[in-house]
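1. Okay, predicted coordinates and the sequence, questions at the end:
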Amino acid sequence: MRDSFVFLVSGIGLALAQALLSCSADVNPPEPYGAVPTEHQLKWQQMEYYMFVHFGPNTFTDVEWGNGKEDPDIFNPSDMDCRQWAATAKAAGMKGIIITAKHHDGFCLWPSQYSTHTVRESSWREGKGDVLKELSDACREYELAFGVYLSPWDQNHPSYGSPEYNQVFANTLTEVLTGYGPVFEQWFDGANGDAHKGGRQIYDWDLFHNTVYTHQPQAVIFSDVGPGCRWMGNERGVAGETNWSRLDIEGFEPGLGAPPVDTLSAGNIYGKAWVPAETDVSIRPGWFYSPNTDDKIKSVSKLMDIYHTSIGRNSNLLLNVPPNREGRIHRADSLRLMELRQAIDECFSRNLLTDADLCALNTRGGSKRYAAKNLLDDDYNSYWAADDDVQATTIEITLPEAISFNRFLVQEYIPLGQRVSRFSLEIWNESTAGWDAVSEGTTIGYKRILRFPSVKARKLRLNIQEALACPILNSVWLYDATLLPE
């Protein structure tokens, strides 16, 4: 009889446990909030860091903007090696390369049938060379994504300034986008100089965008207003302290018709389109190579600062590394990239929270599916989430022992939107038995890195102080970075 009773109680307990687990499993995930990234935009954001390559006649004339009147023979790299570019980018930890296939001078780095100002008219490779082919092949070999910049401004083409030019430019786009394999990013700017007949070219952006999407539907289109990703508003490597990945783009266009710089920097909190930021900056003072800047390469400390103010502020980093007149990345640039890679690895290789306990004040439906411990796994698609009616809450972190640290990284799960608008980090002070403020921020987005003077503590508290909808985070990291000399 007693055995039967124990069996009955055990059965009831098991049934109750199963019911509770079933109930927990039935908690619905949060609904997306506002504009959200496409699959291709998410993959683009996860690349984080890639190389810009400015290369062309300007490399040999020591100017930043050519005038389209250059003799094509001026372009004659003596030892061009795109595999060296790709190997350097790969070793630096970059995920891709974007090249200036056509800058404002109109010179095409491929033998375009729609221009007479191309590598075909130069003596390089006896007029049979094709930089885009060599670079796209090298990118495939080194498993790097390949991207292209084509300036719509063309100071050489005779039809520039007329309605016919828009189709000419669309044709050149088609050549590039159908001849060199997958393109992860199509880079546009809004440069629009005086046309040959004294007017300005009225760009047909709808035609240009449709051409890209027809041939490379996965490509993320960059410009002042996207639509795939946007310019940050400066070329210093600094994203906004507040940086929403949403932007209102209706009524705007690249160039003079772009939103104000402060809007490009911060985005729009309630923007209708998902247009995340890309921060472009050069490792040298200029965009194209000049022998006068061989000793003016940015320091590792400066580049690490840029890393924090770009990737650390919800932006991708596009770092320009211009090949020299041989057609190779200069040894000094390559060395600096390797030093930067080492500094990044040393700073961010070890998460000090690996053995920490996490406890959230609120967990969605009390479900393990949305528990705070998900913030420490390696699965991008697992996350902690709060209940729908919660826009402010706290996650307490307890370490096995007190440790020193000076960096805190946090990520929102952006497939469901960007939500957090204000947060802070605190540590428990054993002496005063109270919480001390360490750092604070506004937006998080895909990734936010807080920097602060080294502190030592066993307990931390992440406070989500304001959010537009229930907060959703998928990762937290803690680091003790070595400070670099200026």
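-> Perfect, I can see it now. Numbers count the residues shown, from 1 in each chain.
2. gap between the closest residue to Leu376 other than its chain neighbours and Leu177?
-> Distance criterion CB to CB, 6 or more residues apart in numbering; nearest residue to Leu376, sequence neighbours excluded, is Leu353 at 6.0 Å. All C-beta atoms are positioned from the backbone trio N, CA, C, and that covers glycine. Separation of Leu353 from Leu177 (CB to CB, to the nearest Å): 43 Å.
3. Also Ser123?
-> 28 Å.
4. and those two? which has more neighbours close in?
-> Per other CB atoms under 10 Å, whichever of Ser123 and Leu177 has more neighbours is Leu177, with 21 against 12.
5. which SS state does the spatially most central residue of the chain fall under?
-> Centre of the chain computed as the mean C-alpha position; nearest residue by CA atoms, centre = their mean is Asn316, 1.7 Å away. Using DSSP: H, G, I helix; E, B strand; the rest coil, the structure places Asn316 in strand.
6. Number of residues surrounding the residue lying closest to it once chain neighbours are set aside?
-> In space, and not counting its chain neighbours, Asn316 is closest to Glu278: 4.8 Å by CB to CB, 6+ apart. Using other CB under 10 Å, Glu278 has 25 neighbouring residues.
7. mind checking the backbone torsions on the residue nearest to Ser421 when sequence neighbours are not counted?
-> The shortest distance from Ser421 to any non-neighbouring residue, by CB to CB, 6+ apart, is to Glu466 (4.6 Å). The phi/psi pair for Glu466 (degrees, to the nearest 10) reads phi -150, psi 140.
8. Quick one: residues contacting Glu466.
-> For Glu466, the contact set (CB atoms under 8 Å, 6 or more residues apart in numbering) comprises 391-392, 420-423.
9. Before we move on, what's the pLDDT of the residue nearest to the centre of the chain?
-> pLDDT, Asn316: 98.
10. Walk me through which strands the strand or helix carrying Val148 pairs with, and which way each runs.
-> Counting by DSSP states H and E, the element that carries Val148 is strand 145-150. Sheet pairing for strand 145-150, assigned by DSSP bridges, gives strand 96-102 (parallel), strand 185-187 (parallel).
11. what residues does it touch?
-> In this structure, residues lying in contact with strand 145-150 by CB under 8 Å, 6+ apart are 47, 50, 52, 95-103, 132, 135-136, 139-140, 169, 172-173, 176-177, 180-189, 219.
12. For burial, what's the neighbour tally of the nearest residue to Trp244 once chain neighbours are set aside?
-> Nearest residue to Trp244 in three dimensions, chain neighbours excluded: Gly267, at 3.3 Å (CB to CB, 6+ apart). For Gly267, the neighbour count with other CB under 10 Å is 28.
13. So Gly267 is in contact with Arg246, correct?
-> Yes - under the criterion of CB atoms under 8 Å, Gly267 makes contact with Arg246 at 5.6 Å.
14. coming back round to it: so the residue nearest to Asn316 sits in a strand?
-> Yes - looking at Glu278 with three-state DSSP, it is inside a strand.
15. okay, now the domains of the chain?
-> Per automatic domain parsing, the structural domains of the chain span 39-348, 357-479.
16. From one end of the last one to the other, what's the distance?
-> Right, domain 357-479. This stretch, domain 357-479, spans 16 Å end to end (CA to CA, to the nearest Å).
17. Check the longest one too.
-> Criterion CA to CA; first-to-last residue distance in domain 39-348 is 26 Å.
18. Tell me how far it lies from the chain's centre.
-> 14 Å (CA atoms, centre = their mean, to the nearest Å).
19. returning to that earlier point: mind checking the pLDDT average for the strand holding Val148?
-> 98.
20. any idea which helix or strand comes after that strand?
-> Taking DSSP H and E, what comes next after strand 145-150 is helix 164-179.
21. Sort out which residues of that following helix are buried, please.
-> Of the residues in helix 164-179, 165-166, 168-170, 172-173, 175-177 count as buried by neighbour count, 16 or more other CB atoms under 10 Å.
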